[in-house]
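> Need coordinates for the below:
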Amino acid sequence: MTCYCANYYGSINCHNTVSKFGDRCAHCLSTQGGSNSYSYSNGTSQGPTEHWVEKVNQEKMRRDEERSRRERLIRTTSGGIS
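Numbering: from 1, shown residues only. From the prediction side, this is the model:
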């Protein structure tokens, strides 16, 4: 099954096809057209998938911390802790 180049969904709107979803065609790879890499101040570079995974994991951690704070608050205000 063929899919459009990853740049089809970006601002370049490339109409070439690739064999795997998310890949870029040979033309876009050779010209580095529409590269969606994110550069951080520490010099690392991540692709959009890695960036998304990192953000999702950060959000999960934030929610878990918020949940544990609420549980502690409920225990202390309901007299659950002696």
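
> Who are the contact partners of Glu66?
Taking CB atoms under 8 Å, 6 or more residues apart in numbering, we find Glu66 in contact with no residue. All C-beta atoms are positioned from the backbone trio N, CA, C, and that covers glycine.

> quick one: which helix or strand includes it?
Per DSSP states H and E, Glu66 falls inside helix 48-77.

> Helix or strand with the lowest mean pLDDT in the chain?
strand 38-39 (a mean of 46; mean pLDDT, DSSP states H and E).

> rewinding a little: I'd like the average pLDDT over the helix holding Glu66.
Taken as a whole, helix 48-77 has a mean pLDDT of 86.

> List the buried residues of that helix.
Buried residues in helix 48-77, defined by neighbour count with 16 or more other CB atoms under 10 Å: none.

> how near is the residue nearest the centre of the chain to Gly22?
Centroid check for the chain by CA atoms, centre = their mean gives Trp52 as the closest residue, at 0.5 Å. For Trp52, the distance to Gly22 (CB to CB, to the nearest Å) stands at 12 Å.

> what do you get for Glu54?
For Glu54 relative to Gly22 (CB to CB), the value is 17 Å.

> swap in Thr77?
Distance from Thr77 to Gly22, by CB to CB: 48 Å.

> Equivalent analysis for Thr31, please.
As judged by CB to CB, Thr31 and Gly22 stand 18 Å apart.

> residues contacting Leu29?
Applying CB under 8 Å, 6+ apart, no residues contact Leu29.

> Skipping its backbone neighbours, what lies nearest Met1 in space?
Ser19 (7.8 Å; CB to CB, 6 or more residues apart in numbering).
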